[in-house]
Structures are given as structure tokens and as C-alpha cells.
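> Next come a sequence and a model predicted from it.
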Amino acid sequence: MTETVGRRVRLIRAGTVHKGLCPFHQEKSPSFTVDERRGTFHCFGCGAHGNAIDFVMRAENLGFREVVERLAGEVGLPLPQETPAARARDDRRGTLQAALEAAAEWFIQRLADGRVGQAALEYLSGRGLDAAAIKRFGIGFAPAGRTLLKDALGTRFPEELLVEAGLLGRPEGGGASYDRFRSRIMFPIHDLRGRICGFGGRVMGDGEPKYLNSPETELFQKGRLLYGFDRASAAARKSGEVVAVEGYMDVIALHLAGIQTAVAPLGTAMTEQQIALLWRLAPEPILCFDGDAAGQRAASRAAERALPMLKPGHSLRFALLPPGDDPDSLVRQRGADAMREILAAARPLRDLLLATEVAGHSFDTPERRAGLRQRLRQLAGRIEDRETQEEYQAEFARTCDQAFGRTRGGGDNRPPPGRRAPAPGRRFPAGGRSSYPPPALSEPPPPVPDHWGVHESRLLLLALRDGARLTEIGEGLGAMAFRNPALETLRHDLVEALGLEQLDSGSIERHLTELGHGPTLDRLRGSEARRGWACVGSETSPEESLFQWRHSQVAWQLDEIERENSAARRSFAESDPSAASGRLVRLAAEKAELLRYRQELDGELDALRQSGSGKL
């Protein structure tokens, strides 16, 4: 065992085992061990584990039989002779392989032929590929003729073999075979050992399907292959990182930009077998998807598909591109560093699961909050590894507890009975001030715009009427920040005025008019008259005034939450669903708390009405 591993890893004896730097992920301190007595290796960093056969299969991308043959040859052990049937099968696979290699060479020649491949060359040039790149990736062209490939290869290979290799097709109703790929840019697809096993053909215009792959054959099973895997293996193992993108051109663009660890599925959703291939290269592969709705759905499907297989050393991270971009266009327009920044910001699988469950939902009732907890428990329950499942259960529970205000003691963070404060955690620290920098008083107020908020207008009118006699109103107004520039400037100056001694509401209005707020005050009075509000100039009891203020304050807070919710949903849909998920959960919890607080206020309203203490 140590001899086999020692050819690729520098091992140092440490007690009863040998230690070295893991060849399957990047590390600075050795966490890779080889136990000669048991004949096994194990990495405590990435979780790689197995025997000598497993090691060579993983280190060199070889199949089981190939590894057994190699190891047996190294120690001089004879292997059982193949049966005639097995030899015939191997011979058939070799002939299929030869046909595919011949087709690849023919496609390359057609692309180089100026009479046939000029339009394809111009298309590739427009996508940023020069002659060196075309040669490096073996790109070719399948011309439009119905039987050109068939005629070219027919003298060397039987027709049935070309059909079996996926190069020719047959009409469903019977008839002569035809070239499967026509008028398409041709990308050869390689197996794990770098041998051509099939093709992907892309149309140059608007034809459908955009990509056409080889059919399933003995050599080509697209759910078990990744485009570029053979090229990315060495760089991925060295760096401990691998990134899966969506298309062939994305892989090529990243490799040409120096990101040598890029691979892609073959036009289908990521399969369990493909995820397992990624884990052969790195413990936490990055899945990079377009930022549109389809890309988000693909990311969610991949996350759910990976769930049962998660374990220490086997996880995923996710990166979503800006809307309208793919890796190819992003690298060409903004450079490789922009792509590296996006990959560096990839979020863990946990965040994507949370974002998917939270997006588009409201959690303003106990049932809805319980439903979220239940869905997250069910997701975690699909993880087969017990320890990983328990960690996810605990992580999801902590996230919900923090978002919904539950403490270790099982309670919540609501204010105690009788405390008339805004909902906890919502922009109203005691004695707080606006988070926006206050405008200089020497500057003239901004012009009054055509549109401003209803809630801000009512809050200002109530503060003008009652702020001088009720300190809660002044403190609450001081902790706010309005979006409308004219109203925000008035709010700031009104808070300053409320802090001056011996000023009643009339004196405050005159002071604000002197500061240049006359047009804004006139506009507020017009809003009051149009909406039938009774604010400035009306007489109310302190209880009535506080109720009106608190109710308007909650309405404004709910409106602010809806604005933030919309922004978070846009962020989820367009740029960063992982980061947006936490905001959506937090906002849902804050909204639920505000709605509960408003119910309390409505109860106070009923009590005031029954007591007959004023008109509300």
C-alpha cells in the first residue's frame, strides 16, 4: 500500500501509519494517512478513503479493471483469462472508439476547409476562439449534407457500427441511415481517460435543438460524464477546487481564461453520478449557474439531488451569475477576474436550501412558521449520513430561532406587557437617530416632488400636532429615515425643533416655515384635507394621540418591510439568492411581530371606544 501511494505522495512514518499531503485536495499540513497493516488510506481533511485500487482509480481516472490489470502487472500476478465473450466485447468497443476518432478528424478537416467551414470559423471567431483554441479543444464542423459523413467513413466502418456509435441515425419508419449531425459546430466529448466517446453539436443560428448530443451508446452515457473532466482533473486535484458550469462554450471560455478546473454536464440536469465525479476532484465543488429563473431552478434541483449523498468531505457550493450573463459572455466582457470574484463568493449548500424554501413565502402566522421548520426538517432528513443530518437539523433550527425571535428559554423577544414600544428589532433604538446623514440646516430644503409617501405624511402631521407634548413621538420620529428627500429634510428639522424648549406646535410650524419648509407644509395640509385626516389643529387626548401615532408608525414600518422584501426577492432572482435568503427570513419574522403588535393596538382601540374616551 505504501509503495503504491508513495509513487505519488511523499510519505513520512508517524507511529504505526504514514502521513503526507493529500493528493485529492490542497492542504498545507498533512492530513492524509496510509495504514499498511489494514491496506487503506484516509484523509481527515476531505474524507477520501479506500484501498490501493480505490487510490489509483481516483488518482489516475482509471476504471476498476484497468487498475487491477496495472497493479497485478506491477507485482507479477497473473489475471484470469478473459472469456471469448468478454474479448469480443472489448474488441467491439475498440472498433467503436476508432470510428469516433475518425469522425472527429473528419469534422476537424471540414472546419478547416474554407469552402465548407468558413461560416463556422467566423462564428467561432465571434465567440472569441482563435485557431489555437479550436485546435486545443478539437472543435470541428459537420456540414449540411445528409450522408457526407456516412460516405466518408463507409469504406472503413460498417454502417451498423456507425449507427451503434451514434454517428448515423435511422428514420423511425425505416429507410436509409443519415448523418446524425448536420450544419453544427462539433465538440468532441471524452471519457474519464480522455478518449472520445461522443459528440455535442451546436447550431450556429436559431435552429432547434440548440445542442444535439450523441445518443446513449455503450461508450456514451451522458449522465455519467462531464465535459472537460479529463482536462480539469490535474488542475482540480492540485488546487482542491472544481467548478461546474452549464455549457461547452462556458468550459472552453474558462479554460482559455486560465480557470483550468471547469467542467459541465452534457445538456441535462446534474445527476448523482456527475456529482460523485465532482467529489473525486474536490470536497466542495462549485456549481455555477446563470442568474435567471431557469438557472435558479437548476441550482435547486442539483442541491436536492446531492442531499442524500452529503457527508464530511462531500458538500457543494453555489455561484449565480448576474442576470443576462453566462461564464462565456462574462469572461469576454469583464475578464477572468470578474469570474474569479463570483466563484470566490460562492455560497454553501445550506444557504441555497434556505433561500429556496424562503423565497416567495410569508411567515406572518404560527402555521406558516411551523411549515417552514417542517420543510427544513424534511430536507435535512434526506441526508443519509447521520452526523451530517444532525448538523443540518441543528443549523436550520438555529436559523429559524434567530429569525423568529425564539430564545434558548423558549420565549421570544417581544416587549413585556404594558411597554408601549415599537416592535423589537425594528429601527427604533431608544433615543436613536436616523441612519442617514442629516442635511445641513443652512441648505435650502429639496423641492417638493410630485409623489411622496402617505405614511410619512401622516406621521409628520401627527408629530407637528403632538410632538411637543409627547416625548415618545419625538423619539420615534428621530429614529426614522424617510425616502422622500423633502419629507426627510422636514423630519430632521422637526426633530431638532422638538428638542427646543418652550415651543408649542404653532411656534414649531413658524420655525419650520422660516427654515424654508413652507411649500412642504402646505402640501402636507393639502394631503390632510384630501384624505379627511384630523391632525393639525384638532384636539385629542394623550391616549388618542399615542394610539394614532403608534398605528401610523406600524403602517410605515410594514410598508418599509414590503420595500425591503421586494429588494430581497429581486436579489434572490437576479444576483445572490444565498445572501437574500437570510434577509427574507428576517423580514418575514419582523413582519409577523409587527402584525401581532398591531393586533394589540386594535385591542387598545376597542377598549378606548368602550370607555368613551375620545373619538378615534
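In hand now; what should we look at? Just so you know, these numbers come straight off a predicted model, no measurement behind them.
> From now on I want contacts and neighbour counts done on CA atoms only, so please keep to that.
Will do.
> can you list contacts of stretch 21-33?
For stretch 21-33, the surrounding residues in contact (C-alpha atoms under 8 Å, 6 or more residues apart in numbering) are 8-10, 17-20, 41-46, 48, 59, 237-241, 280-283.
> quick one, strands of the stretch 51-200 of the chain?
Counting by DSSP state E, counting those that start in this stretch, the stretch 51-200 of the chain has strands at residues 140-142, 168-169, 178-179, 184-190, 196-202.
> So which of these is nearest D91?
Checking the strands of the stretch 51-200 of the chain against D91 by C-alpha to C-alpha gives strand 196-202 as the closest, at 15.2 Å.
> ok, and what's touching the next helix or strand after the closest one?
Counting by DSSP states H and E, the next helix or strand C-terminal to strand 196-202 is strand 211-213. Residues outside strand 211-213 that contact it (C-alpha under 8 Å, 6+ apart): 181, 198-203, 266-267.
> In JSON lines, list the strands of the stretch 51-200 of the chain along with mean neighbour count, mean pLDDT and distance to D292.
As requested, these are exported to JSON lines (neighbours: other C-alpha atoms under 10 Å; pLDDT from 0 to 100; distance: least, C-alpha to C-alpha, whole Å):
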{"stretch": "strand 140-142", "mean neighbour count": "28", "mean pLDDT": "97", "distance to D292": "30"}
{"stretch": "strand 168-169", "mean neighbour count": "20", "mean pLDDT": "96", "distance to D292": "35"}
{"stretch": "strand 178-179", "mean neighbour count": "21", "mean pLDDT": "96", "distance to D292": "35"}
{"stretch": "strand 184-190", "mean neighbour count": "25", "mean pLDDT": "97", "distance to D292": "26"}
{"stretch": "strand 196-202", "mean neighbour count": "24", "mean pLDDT": "96", "distance to D292": "22"}
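> I'd like those strands as CSV, with distance to T365 appended.
Listed next are the strands of the stretch 51-200 of the chain as CSV, based on distance: least, C-alpha to C-alpha, whole Å:
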stretch, distance to T365
strand 140-142, 59
strand 168-169, 58
strand 178-179, 61
strand 184-190, 52
strand 196-202, 50
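> Of those, which is nearest R583?
Of all the strands of the stretch 51-200 of the chain, strand 196-202 comes closest under C-alpha to C-alpha, at 40.5 Å.
> Identify all contacting residues around the closest one.
97, 100-101, 165-166, 181, 184-191, 210-214, 219-220.
> For L584, give its distance to E564.
Distance of L584 to E564, computed by C-alpha to C-alpha, to the nearest Å: 9 Å.
> If you could redo that for F157, that was the one I meant.
Counting by C-alpha to C-alpha, the gap from F157 to E564 is 65 Å.
> right, and G166 touches Q221 too?
No - contact status for G166 versus Q221: not in contact, 11.5 Å apart, counting by C-alpha atoms under 8 Å.
> Comparing the two, which shows the higher neighbour count?
For G166 and Q221, the more surrounded residue by other C-alpha atoms under 10 Å is G166, and the numbers stand at 26 against 15.
> what sits against that one?
180, 198, 214-217.
> Now a ChimeraX select for only the buried ones of those.
Buried members of the contacts of G166 can be picked out in ChimeraX with the line below, counting by 16 or more other C-alpha atoms under 10 Å:
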select :180,198,214,215
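> If it's not too much trouble, I'd like the contacts of G166 exported to CSV so that distance to Q118 sit alongside each entry.
Output for the contacts of G166, formatted as CSV (distance: C-alpha to C-alpha, whole Å):
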residue, distance to Q118
R180, 21
G198, 24
S214, 24
P215, 28
E216, 31
T217, 32
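> ok, the contacts of G166 vs A144, which is closest?
Closest approach to A144 among the contacts of G166 (C-alpha to C-alpha): R180, at 10.5 Å.
> Leaving out sequence neighbours, find the closest residue to that closest one.
L168 (4.9 Å; C-alpha to C-alpha, 6 or more residues apart in numbering).
> do S457 as well
Here the residue nearest S457, using C-alpha to C-alpha, 6+ apart, is L524, at 6.3 Å.
> Helix or strand: which one has the one you found?
Counting by DSSP H and E, L524 is part of helix 518-531.
> just the CA coordinates of that helix, formatted as CSV?
Extracted in CSV, the C-alpha atoms of helix 518-531 (Å, rounded to 0.1, in the frame of the first residue of the first chain):
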residue,chain,number,x,y,z
GLY,A,518,-43.4,76.3,3.8
PRO,A,519,-44.2,74.5,0.4
THR,A,520,-43.8,71.1,2.1
LEU,A,521,-46.1,72.1,5.0
ASP,A,522,-48.7,73.4,2.6
ARG,A,523,-48.5,70.1,0.7
LEU,A,524,-49.0,68.2,3.9
ARG,A,525,-52.1,70.2,4.8
GLY,A,526,-53.5,69.5,1.4
SER,A,527,-53.0,65.8,1.9
GLU,A,528,-54.7,66.0,5.3
ALA,A,529,-57.7,67.8,3.8
ARG,A,530,-58.0,65.4,0.8
ARG,A,531,-57.8,62.2,3.0
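> closest to Q553 out of the strands of the stretch 51-200 of the chain?
strand 196-202 (58.3 Å).
> Strand partners (parallel or antiparallel) of the closest one?
strand 184-190 (antiparallel), strand 211-213 (antiparallel) (DSSP bridges).
> what's the domain layout of this structure?
2-75, 82-219, 454-611 (automatic domain parsing).
> which one of these lies closest to I383?
domain 2-75 (16.5 Å).
> Let me see the ranges of the helices in the stretch 401-550 of the chain.
For the stretch 401-550 of the chain, applying DSSP state H, counting those that start in this stretch gives helices covering 454-466, 471-478, 485-498, 505-512, 518-531, 542-574.
> helices and strands around the last one, which ones?
Using 3 or more C-alpha pairs under 8 Å, 6 or more residues apart in numbering; DSSP states H and E, the elements in contact with helix 542-574 are helix 454-466, helix 577-611.
> Can you say which of the ones you listed is packed in most?
Most buried of those by mean neighbour count (mean count of other C-alpha atoms under 10 Å) is helix 454-466; its value is a mean of 23.
> quick check: angle from it to helix 542-574?
Angle, helix 454-466 to helix 542-574, by axes from the mean of the first three to the mean of the last three C-alpha atoms, to 10 degrees: 160 degrees.
> And helix 454-466, what does it pack against?
So helix 454-466, by 3+ C-alpha pairs under 8 Å, 6+ apart, packs with helix 471-478, helix 485-498, helix 505-512, helix 518-531, helix 542-574.
> avg pLDDT for that helix?
Average pLDDT, helix 454-466: 86.
> related to what we said a few turns ago, between the strands of the stretch 51-200 of the chain, which one is closest to I259.
Closest among these, once you apply C-alpha to C-alpha, is strand 184-190, at 19.1 Å.
> For that closest one, C-alpha coordinates in PDB please.
In PDB, the C-alpha atoms belonging to strand 184-190 read as follows (Å, rounded to 0.1, in the frame of the first residue of the first chain):
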ATOM      1  CA  ARG A 184     -23.400  22.100 -36.500                       C
ATOM      2  CA  ILE A 185     -20.200  23.100 -34.700                       C
ATOM      3  CA  MET A 186     -18.900  19.800 -33.300                       C
ATOM      4  CA  PHE A 187     -17.400  19.400 -29.800                       C
ATOM      5  CA  PRO A 188     -15.800  16.000 -29.100                       C
ATOM      6  CA  ILE A 189     -16.700  14.600 -25.700                       C
ATOM      7  CA  HIS A 190     -14.100  12.500 -23.800                       C
END
